[in-house]
Structure formats: structure tokens, C-alpha cells
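*Asks:* Predicted model and sequence below, questions to follow.
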Amino acid sequence: MVQQFRKALLRLHQSSNKVSSESKLHRSGRLAREESIRERSRAKEKNPSSRTLRDRRRRRPKPPITPTPQRSVRQNLPSSSSVSRLSRLRQTKQQARKNSRRRELSSLQGMPSTPQLLRSTTPSTASETVSRRSSFVMPTTLRYILRLLILGIGLGAIAGTFLAALDPTRKILPAEANQSQQVEKKKKTAKSSALPMKAESSELNAKVREIVAQYPQFQPSFLFVDLDTGEYVKLGDTTAVAAASTIKVPILIAFFQDVDAGKIALDEMLTMQEESMAGESGTMQYKAVGTKFSALETATNMITISDNTATNMIIDRLGGAEALNQRFQEWGLQSTTIQNPLPDVEGTNTTSPADLANLMAMVNTGSLVSLRSRDRLLEIMRNVVTNDLLPQGLENGATIAHKTGNIGEMIADAGIIDTPTGKRYIAVVMVERPRNDRQGRELIRSLSRTVYQYFTAPPKLPNVTTTPATASDSVATEN
């Protein structure tokens, strides 16, 4: 028991000694640190420049809370000898690069390198360094680009002027341009010279007036023109009358104009709408709404079988009646207008023999359409199925490209006729009549026959009288 008590006392004594030794060590270490701090403080008081960066930061007063970023505060600090050697080396290299760049710029711009430019200046802030760098680089680059552009433009202008002066064709270019404009204008506007009306035949005029006198109940207007000799005969040719289906002739010409211009393709499919369907002549009206026809088929039906539904579809495809009327005016037509869709049984759509004859003459010369379109157009008009008017006055071997028109109070036929002898002439006859009077057909046939026979008759030889030769004449001849 006593031994155990002694052991406990011994352990207690050892633990107390250990605690006291640790406390002594702790106290001695603390004293050493305090002494070290005091020594550093004394050293700093003697030499303020030896303070460490950490001490300066610790003793630096806290800046007031302002929206100014911390970088600006640091930038405002004055530079001192406390900057490390590495920072000084970095600034020295940056300054050397700046001086080198300034020398290069001065040499490029032809400016002398002044001491002021080469003087070592240290920017106070990083933002000033960036702004100075940008102020030197960007404007100079833009200046060089602008100079190159101006130089290129100037050289181009000089070269163009020099080449124009050496070009031998420059003096005729305005004339060629003017000529092309005149050709384009001829295609758009009808000219009086389209019909070569040189002299009216008095003999033919007397014959046709005898025929007209036989039909006093009718009011005919007509124009016949020989395209080879320029002979013509006319009566009331500028009078505007109901066009009936002859209005389809200028519509067909406008169609082929758009084909030549690339606005319409011949194989383009047109859809028949309900509002385009029309009665009277034609077979397309019996097809279902929505049936598709090619543009060429539609235009062909408009002429060959005088299909009114096809005509309305072509009018819509060409932009409507107003657009066509504007085009007719550009051609120089005086009396040709479209007021209503087909069939125009009231006769509101009008034209005249002079307008139709001028159109046929311009088609013949290729003034309104290309030669290829002209040939296709005339071929369509040669296949008209109604041939009981002008064709009845022609003889065998003659061909006619024409279009008829027939409503109650008016009957007409207009076309280009080729004779077996190679002569070509234009014939347009329009007769206002009592409603559905069939004698009007006979009047047109008689006029057609008379004019054809006159134009195809062989030329008459002048009368030459011969006198017998006398003896003196014989002697003189022998001598």
C-alpha cells in the first residue's frame, strides 16, 4: 500500500516537472519573439527604407471606400527606390522597345528623330501606356491604307484617261449608243413608215368603190397595201370600230414579245380558272376548271379556233387589259383598246383597219417580234379554220395568214397574203352591218377578189405606135 502511494507521488511529481518545463519553454519562446519584434522595430526606426513590403502593407492606412478601382490607387503611388530590380529591368526593356518603335515610325514618315521623341519617359499609369501605344499604331496603319487607296484611284483614273485617248472607236460610241436606242424605240413604237404607202391606185380605187356602191346597207372600212410596190387603196381606214375577234391579233403579238423577252416560256403550263372561262367560240370552255394547257397551245387556240377562254387566259398572263392597252399605245396604235374580256358581244373592244395593217406590217419586218417569233406567229395565223371571207377571193397557190372577227353588227378579216408570183400584200376589211346580215360576207369576198386580181395582174406595157420607114430613112441608115 505504501509502495503504491510512493509511485503515485512520483508520477505526480514527474508530470508537474514536465508541465513546468513546457511552460518555461513557451514563455522563453514568446520572450524571444517579442525581443525580435522590438529589435526589428528599432532597426526600422533607424532606417525606414529597410522596411519590408509586407510591413509597409500592414502599416499602410486603409483607403476610403470609393468606387475607384484599386489599380488607380496603386497607380497614384509615387515610384520609389523600393521597386525591385526585376521591375526596373522590365520597365527598361519596355522603354527600349518604345524608343525603337518611335525611331522606325520617324524613319518611315521622313521625320527627324528628335531628342524629344527619343527621350526616356516612363508612363505614370498602365492605362496611359496602352493609350499611347494605340495612338501610335492605329492611326498610322489607317493612314497608310488611305494613302494606298488614294494612290490606286489616282493611277486608275490616269490609266483610264490615257487608254480612252488612244481608243480609236471612242468617237463613234455615242452614235452607236444612239442607234441602239433608236432600234429599241422602234420595237416599242409603231412608225408610219411600217406601211410603205407610196401611191394610191386610182384604177383600183374606182373598182372597189363600184363594189361598195352595190351594198348601200353596209358601212365598210378597209385598207389594202402592196408591200412590194407601195400601191394602196383605202376607205375609212382610221375609223374605230368594234374589233370582235380581230383584237386577238395584237394580243398574240404581245404574247410573242414576252416570249422573246424571256418572260414567258412556250412550254409554260397555264391553269384554266373559272373566271377565265367564256362561251361562244372555242372548245376549252368544256374542260374542267383547273385543267392545264401549255402557253403555246393556249395562244394557238386563241387564233386558230378563236377560243375566247384561251384569249382571257393569255390576257391574264400578260398582265391584264390595262397593261396591254398601255403596250398598244407604245406601239403607236390609235384605236385599239381592250375594255372587256371575251366574248365582247357588245363591241366595246375597238380597233381600226389602219391599226391592224400597221401591226401586220411591223410583224412582217420584225419590228415588234424576232424573226423566229414572226415565223411561228404567221404559221399559227395560216392555220385559222374559218376561211369564208378573204380567202374566198384568192386563187389557187395563194396563202394567207389572217384572223377573222364576227359579232352581230360587225364582220371583219385581216391578214397578210402571199401570191404565187411572190408578191405580198396586206388586206384588212371591217364591215358594219345590220345584225347578222350575211351579205356582208359577200362584200368582203368581192373586195378580196378584186384587189387580188389587180395586184397579181402582169404589168401593162406602154402603147408604142410604129411608123413605116421612108426611103430617106433607109438611105440614112445604110450610110
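*Replies:* Alright, I've got the coordinates.
*Asks:* so where's the stretch 151-300 of the chain shaky on pLDDT?
*Replies:* 165-193 (pLDDT under 70).
*Asks:* which residues of it fall in strands?
*Replies:* For the stretch 151-300 of the chain, the strands defined by DSSP state E, counting those that start in this stretch occupy 199-200, 219-226, 231-235, 241-242, 269-271, 292-294.
*Asks:* could I get the ones you listed as TSV with distance to residue 260 and mean neighbour count?
*Replies:* From N, CA and C alone the C-beta is placed, and that goes for glycine too. Shown next, in TSV, are the strands of the stretch 151-300 of the chain (distance: least, C-beta to C-beta, whole Å; neighbours: other C-beta atoms under 10 Å):
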stretch	distance to residue 260	mean neighbour count
strand 199-200	34	11
strand 219-226	25	24
strand 231-235	29	21
strand 241-242	30	23
strand 269-271	18	14
strand 292-294	17	16
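*Asks:* Format those strands as CSV; extra columns: distance to residue 376.
*Replies:* Rendered in CSV, the data for these read as follows (distance: least, C-beta to C-beta, whole Å):
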stretch, distance to residue 376
strand 199-200, 34
strand 219-226, 23
strand 231-235, 28
strand 241-242, 28
strand 269-271, 18
strand 292-294, 14
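*Asks:* I'd like to know which of these is closest to residue 209.
*Replies:* Ranking the strands of the stretch 151-300 of the chain by proximity to residue 209 (C-beta to C-beta) places strand 231-235 first, at 7.7 Å.
*Asks:* pull the CA atoms of that closest one into PDB?
*Replies:* Once non-C-alpha atoms are left out, strand 231-235 reads as follows in PDB (Å, rounded to 0.1, in the frame of the first residue of the first chain):
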ATOM      1  CA  GLU A 231     -49.600  50.900-154.000                       C
ATOM      2  CA  TYR A 232     -52.700  51.000-151.800                       C
ATOM      3  CA  VAL A 233     -56.400  51.600-151.700                       C
ATOM      4  CA  LYS A 234     -58.300  52.600-148.600                       C
ATOM      5  CA  LEU A 235     -61.700  53.700-147.300                       C
END
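*Asks:* ok and it relative to strand 219-226, angle-wise?
*Replies:* Calculated by axes from the mean of the first three to the mean of the last three C-alpha atoms, to 10 degrees, strand 231-235 forms an angle of 170 degrees with strand 219-226.
*Asks:* Can you list the strands that strand 231-235 pairs with?
*Replies:* Strand 231-235 has the following strand partners under DSSP bridges: strand 199-200 (parallel), strand 219-226 (antiparallel).
*Asks:* Residues contacting it, please?
*Replies:* Taking contacts as C-beta atoms under 8 Å, 6 or more residues apart in numbering, the residues outside strand 231-235 that touch it are 195, 197-201, 204-205, 208-209, 212, 220-226, 353, 451, 455.
*Asks:* so which of the strands of the stretch 151-300 of the chain comes closest to residue 405?
*Replies:* Proximity to residue 405 (C-beta to C-beta) singles out strand 241-242 among the strands of the stretch 151-300 of the chain, at 8.1 Å.
*Asks:* which secondary structure elements does the closest one contact?
*Replies:* Secondary structure elements in contact with strand 241-242, counted by 3 or more C-beta pairs under 8 Å, 6 or more residues apart in numbering; DSSP states H and E, are strand 350-351, strand 410-418, strand 424-432.
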